[in-house]
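Novice: How does the following fold in three dimensions:
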Amino acid sequence: MATQVVWVEIPAQNIERALAFYKQVFGYSGDIEVADDGVRKTAVLDGGANGAPGFSLNQTANFEPRDNGVYVYFDVGADVQGALNRVTAAGGKALSGKLSMGEAGYYATIRDTEGNIIGLYSAPDGQ
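Specialist: The predicted model follows:
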């Protein structure tokens with residue numbers, strides 16, 4: 001049986017700041033609701049339509065951002081460098097430049113506004 005990632009929750013200390021960061025870096029437009037059930041605040045950025053993996057931001061006690069946990073890559077289309085350029089403008093930090101993975105494509109490593117380390121990825125034909 002093949003294993004497929006179906007959902008990723010990214011911890012946030014300040015969900016509004018994190019939401020602004022991810023919207024700017026990934027080019028989301030429009031309103032994204034921050035739900036608050038009294039125990040946690042969440043914002044769904046990609047609901048995982050048609051079986052694709054989804055992800056959300058989650059501000060919950062004892063679910064803290066980390067820079068040494070699971071490393072998640074987000075597909076940013078053909079333009080890793082463009083997404084990387086938006087990271088600093090959005091308040092994050094580029095930890096690497098655009099790097100080649102040979103035939104597997106390109107990636108860059110960043111730190112978001114909350115302290116999480118993530119990867120930006122593009123397929124081999126992306127520049």
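Novice: Only C-alpha atoms from now on, for both contacts and neighbour counts.
Specialist: Noted.
Novice: does R17 sit in a helix, a strand or a coil?
Specialist: Using DSSP: H, G, I helix; E, B strand; the rest coil, the structure places R17 in helix.
Novice: isn't it right next to G115, touching?
Specialist: No. With contacts counted by CA atoms under 8 Å, R17 stays clear of G115, the gap being 11.8 Å.
Novice: wait, what's in contact with A43?
Specialist: I15, L19, I32, E33, V34, A35, S56, L57, N58 (CA atoms under 8 Å, 6 or more residues apart in numbering).
Novice: could you redo the last one with a cut-off of 7 Å?
Specialist: When contacts are counted by CA atoms under 7 Å, 6 or more residues apart in numbering, A43 touches I32, E33, V34, A35, S56, L57, N58.
Novice: got the phi/psi numbers for V44?
Specialist: In terms of degrees, to the nearest 10, the main-chain angles of V44 are phi -90, psi 120.
Novice: go on, P65?
Specialist: Dihedral angles (degrees, to the nearest 10) for P65: phi -60, psi 150.
Novice: Surely E64 and P11 touch.
Specialist: Yes. The pair E64 and P11 passes the contact test of CA atoms under 7 Å, sitting 5.6 Å apart.
Novice: From the neighbour counts alone, determine which of those two ranks first.
Specialist: The neighbour comparison of E64 against P11 (other CA atoms under 10 Å) goes to P11, with 23 against 15.
Novice: and the gap between that one and A104?
Specialist: Counting by CA to CA, to the nearest Å, the gap from P11 to A104 is 28 Å.
Novice: before we move on, what about I10?
Specialist: I10 is 25 Å from A104, by CA to CA.
Novice: Output the contacts of A43 in a markdown table; the columns should cover secondary structure and pLDDT.
Specialist: Formatted as a markdown table, the contacts of A43 follow (DSSP: H, G, I helix; E, B strand; the rest coil; pLDDT from 0 to 100):
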| residue | secondary structure | pLDDT |
| --- | --- | --- |
| I32 | coil | 93 |
| E33 | coil | 93 |
| V34 | coil | 96 |
| A35 | strand | 95 |
| S56 | strand | 93 |
| L57 | strand | 95 |
| N58 | strand | 96 |
